[in-house]
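# coords please:
(chains A, B, C and D)
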2 protein chains.
Amino acid sequence: MARLSMRDVAARAQVSIGTVSNVVNNPDIVLPATREKVQQAIADLGWVPNQQAQQLRAGRGRTIGLAVMDVTNPFFADLLRAAQDVLFAHGFHATIGDANIDEARQTAILRTFLQQRVRGVILGPIGPQPLEVAALAKAHIPTVLVDRAADSVECCAVGVDDVAGGRIAVEHLVSQGHRRVAFVGGPSSLKQIQDRLEGAQAAALDGGADLLSISVPQLDFASGRLAADQVVLMDPRARPTGVFCANDLVAIAFLQGLTAQGLRVPDDIAIVGYDNIDFAAAAAVPLSSVAQPRQDLGRTAADLLLAEIADADADRDHVHTSVSFTPTLVVRASSALTR
Amino acid sequence: MARLSMRDVAARAQVSIGTVSNVVNNPDIVLPATREKVQQAIADLGWVPNQQAQQLRAGRGRTIGLAVMDVTNPFFADLLRAAQDVLFAHGFHATIGDANIDEARQTAILRTFLQQRVRGVILGPIGPQPLEVAALAKAHIPTVLVDRAADSVECCAVGVDDVAGGRIAVEHLVSQGHRRVAFVGGPSSLKQIQDRLEGAQAAALDGGADLLSISVPQLDFASGRLAADQVVLMDPRARPTGVFCANDLVAIAFLQGLTAQGLRVPDDIAIVGYDNIDFAAAAAVPLSSVAQPRQDLGRTAADLLLAEIADADADRDHVHTSVSFTPTLVVRASSALTR
DNA sequence: CTGAAAGCGCTTACAG
DNA sequence: CTGAAAGCGCTTACAG
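Residues are numbered from 1 along each chain as shown, chains lettered A, B, ... in the order given. Just a heads-up that it's a prediction; the model follows:
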């Protein structure tokens, strides 16, 4: 059985292919009798229009590319979910690219989106703003950056103020009496990491506390365990008593590593995470965490994108907007004063 | 600035478009001098080939569709990750569709894959085998079912023996002395749920224990809390002392709900989850869980798909294979005997 | 080695 | 209302 085309449908319904196209795209314009004949043929054959050909001819499709650093991180998964719901409600399809915390992979994903001529892109980027963003702009593909402010006015962006987030995390630890504080995060090529660290340092300075920076390769479980091993080996008199982890994945694994090796949380070491994923509240010791409004991030990103697409469709000018949410601290047992 | 096409590149390099096509696809066949001229023009213009046109003409692309029930569940996220790594290594692109535990959405995703004429599909289906699977087969799009045995010999499949999984979970609880056991899971339209329950019932019967089935709407946090509220209200003398949750998300939220309302785990109620996601070990009380080899599932699914694609390319016959992994139980504190 | 031409499966004016 | 024809951006034999 050969591949089906519109031609096959036309032949079976004994009409021209233009008519088949019309029953697909402008059903009202064709006589009911003809329409039914064609619809019957479509059903009999099980034909599905070839989107590639449609888009090639029509010039634009309805697929939106979502590129994200790490689908494995519940923060991104939830953000994606929220964005998708909005897009889907507006008749767009979402195609997700998972960069696996790998810049090369991210580049490949963006190139694919470009080649696929997607109608728009939502990007939660790794590292510095990728060069491909310029290419997308050049190709007239609306792009919105998520979880990160735009480096330029090249596109819309939605993010949270990570400097403020780092600040409230460490301010909290300092207010609990901690004077030896540590930041666990990495890689430092991530803007998010730089900002959170910057806020943490400012808060430590203001509070008269020392801030030790423990660098880890990635924001995942393995890194959290690594950091725990490192901290456990430190001289208790020099060891930090309050630790701010750059995300909850790291914080949860760090907490687990600590308790597995006999340290108590928060008595020996208090911990604050970042993202406030659902698992934070369910951790071995319920985890304090800086909450980002991830659903809002996802929804807003989708809204901004749809607005830009609408402007493009209407041939209107578009002004790029950048919205920034403010994170909030959720305090739980992992950093509550117990002494 | 209008959209760029190969024609623009050809004009700038002063060659024919056929030659541009050749430097893209068969660089060795064109004179180095010409090649460089063309590559320069491509770079100058920032042109990227239109994949739609390429595929339309060439007849087949290199994009694989991955449709999954719920990207928010770490089990699926990890499975996807493993599958993607294999596909990527073989030069394929993965596009992920997230069904959001919604059958209508799943149908939309599969239709989109069909219209996009993806080269293959990996599907972790919701509910019964969707009708679209037949449509994919008809369109000669290789499809492999994941986390589920095939209903027929229509396609390759890879899954785990969920009946065995349910059985070992409850056998363990029974062996710990529990005689009032409960199963928490749903919706019962999911084959996975039916199988796990079936295994649980068999084990309860064999062990002389009662099995209460607590039905919840979905396999997520909210459902776990719901179930906890329900169990807390039961008469302690009738209340189950051992609970098997259909996945770890439910189990973790259930555990959290129980402890928040004053019940102790495992002393009052022992818990066993399913999937053994990374968070299981980090739960408030480290969670016993039935482990599915999710990386192997993802990898194997990708391998089976690539094999089928290779067979199709070589015009060879393909015999569909169905591989089934056996789950194993990981015992942690949530079900360890402490009395 | 390079160019001219046909065609992939559609949509879109334009006749009739 | 329906059909015939051109063309979207490419690839692929086929001449030259």
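# Domain map for chain A?
For chain A, automatic domain parsing gives the domain ranges A:6-49, A:63-161+A:294-327, A:162-292+A:329-335.
# could you check whether the second one is close to DNA strand D?
Which is domain A:63-161+A:294-327. No: using C-beta under 7 Å from any atom of the strand, domain A:63-161+A:294-327 stays clear of DNA strand D, coming no nearer than 8.6 Å. Every C-beta, even on glycine, is put in place using the N, C-alpha and C of the backbone.
# wait, does that domain contact DNA strand C?
No: contact of domain A:63-161+A:294-327 with DNA strand C (C-beta under 7 Å from any atom of the strand) is absent, the minimum separation being 12.7 Å.
# Show me the shaky parts of chain A.
A:1-2, A:149-153, A:338-339 (pLDDT under 70).
# re earlier: among the domains of chain A, which is nearest residue B:21?
For the domains of chain A, proximity to residue B:21 was assessed by C-beta to C-beta; domain A:63-161+A:294-327 is nearest, at 14.7 Å.
# Is it possible to get TSV of the domains of chain A that adds mean neighbour count and distance to residue B:189?
Shown next, in TSV, are those (neighbours: other C-beta atoms under 10 Å in any protein chain shown; distance: least, C-beta to C-beta, whole Å):
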stretch	mean neighbour count	distance to residue B:189
domain A:6-49	16	26
domain A:63-161+A:294-327	20	21
domain A:162-292+A:329-335	21	24
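# out of the ones you listed, nearest to chain B?
domain A:63-161+A:294-327 (3.8 Å; C-beta to the nearest C-beta).
# Just the endpoints, please. Distance across the closest one?
Domain A:63-161+A:294-327 has an end-to-end distance of 31 Å (C-alpha to C-alpha, to the nearest Å).
# and it, how far from the chain's centre?
In terms of C-alpha atoms, centre = their mean, to the nearest Å, the centre of domain A:63-161+A:294-327 is set 8 Å apart from its chain centre.
# again with stretch A:325-338
With C-alpha atoms, centre = their mean, you get 23 Å for stretch A:325-338.
# Is it positioned near chain B?
No: under the criterion of C-beta under 8 Å from any C-beta of the partner chain, chain B is not reached by stretch A:325-338; the shortest gap measures 9.8 Å.
# So which residues make contact with that stretch?
With C-beta atoms under 8 Å, 6 or more residues apart in numbering or on different chains as the test, stretch A:325-338 has contacts from A:158-162, A:164-165, A:168-169, A:172-173, A:176-177, A:242, A:251, A:255, A:265-267, A:270-273, A:276, A:280-281, A:283, A:285-293, A:296-297.
# Might you report the residue contacts of the nearest residue to residue A:12 once chain neighbours are set aside?
Nearest in space to residue A:12, with sequence neighbours left out and distances taken as C-beta to C-beta, 6 or more residues apart in numbering or on different chains, is residue A:41 at 4.1 Å. Contact analysis of residue A:41 by C-beta under 8 Å, 6+ apart lists A:9, A:12-13, A:47.
# next one: residue A:161
Applying C-beta under 8 Å, 6+ apart, we find residue A:161 in contact with A:195, A:324-327.
# redo that, cut-off 6 Å
Residue A:161 sits next to A:324, A:326 when contact means C-beta atoms under 6 Å, 6 or more residues apart in numbering or on different chains.
# Quick one: the helices in the stretch 51-200 of chain A, in order.
Secondary structure of the stretch 51-200 of chain A (DSSP state H, counting those that start in this stretch): helices at A:51-58, A:74-89, A:103-116, A:132-138, A:162-175, A:191-207.
# hmm, the host helix or strand of the residue nearest to residue A:12 in reach of DNA strand D?
Taking DSSP states H and E as the definition, residue A:41 sits inside helix A:32-45. Yes: Helix A:32-45 reaches DNA strand D (C-beta under 7 Å from any atom of the strand) through A:33-35.
# from these, which is closest to residue A:225?
residue A:35 (63.4 Å).
# Check whether that closest one really touches residue A:23, as I assumed.
Yes: when contacts are counted by C-beta atoms under 6 Å, residue A:35 is listed as touching residue A:23 (5.1 Å).
# Could you check how far the residue of the stretch 201-339 of chain A found nearest DNA strand C is from residue A:120?
Closest contact between the stretch 201-339 of chain A and DNA strand C, by C-beta to the nearest atom of the strand, is at residue A:313 (12.7 Å). Residue A:313 sits 11 Å away from residue A:120, going by C-beta to C-beta, to the nearest Å.
# Where do the helices of the stretch 201-339 of chain A begin and end?
For the stretch 201-339 of chain A, the helices defined by DSSP H, counting those that start in this stretch cover A:221-232, A:248-260, A:294-313.
# so which of the ones you listed comes closest to residue B:209?
helix A:248-260 (32.2 Å).
# Could you name the helices and strands sitting against the closest one?
Using 3 or more C-beta pairs under 6 Å, 6 or more residues apart in numbering or on different chains; DSSP states H and E, the elements in contact with helix A:248-260 are helix A:221-232, strand A:270-275.
# Apply 8 Å and report the result again.
Helix A:248-260 sits against strand A:180-185, helix A:221-232, strand A:242-245, strand A:270-275, with contacts defined as 3 or more C-beta pairs under 8 Å, 6 or more residues apart in numbering or on different chains; DSSP states H and E.
# what angle sits between it and helix A:221-232?
Between helix A:248-260 and helix A:221-232, the angle comes out at 40 degrees (axes from the mean of the first three to the mean of the last three C-alpha atoms, to 10 degrees).
# contacting residues around helix A:248-260?
Identification of contacts with helix A:248-260 by C-beta under 8 Å, 6+ apart yields A:73, A:75, A:184-185, A:216, A:219-225, A:227-229, A:231-232, A:243, A:245, A:265, A:268-269, A:271-277, A:279-280, A:283-285, A:287, A:289, A:334, B:279, B:281-282.
# ditto for stretch A:301-319
For stretch A:301-319, the surrounding residues in contact (C-beta under 8 Å, 6+ apart) are A:64, A:79, A:82-84, A:86-87, A:90, A:92, A:119-122, A:140, A:142-144, A:146, A:156, A:158, A:320-321, A:323.
# With just CA atoms, put it into CSV.
The C-alpha atoms that make up stretch A:301-319 are tabulated as CSV, following Å, rounded to 0.1, in the frame of the first residue of the first chain:
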residue,chain,number,x,y,z
ALA,A,301,5.3,32.9,28.7
ALA,A,302,2.6,31.4,26.6
ASP,A,303,0.5,34.6,26.8
LEU,A,304,3.4,36.8,25.7
LEU,A,305,4.1,34.4,22.8
LEU,A,306,0.5,34.3,21.6
ALA,A,307,0.3,38.1,21.8
GLU,A,308,3.4,38.4,19.6
ILE,A,309,2.1,35.9,17.1
ALA,A,310,-1.2,37.8,17.0
ASP,A,311,0.6,41.0,16.3
ALA,A,312,2.6,39.4,13.5
ASP,A,313,-0.6,38.0,12.0
ALA,A,314,-2.2,41.4,12.1
ASP,A,315,0.9,42.9,10.7
ARG,A,316,1.1,45.2,13.8
ASP,A,317,4.2,46.4,15.5
HIS,A,318,5.2,44.4,18.5
VAL,A,319,6.9,45.8,21.6
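# Closest one of the contacts of residue A:41 to DNA strand D?
Checking these against DNA strand D by C-beta to the nearest atom of the strand gives residue A:13 as the nearest, at 8.6 Å.
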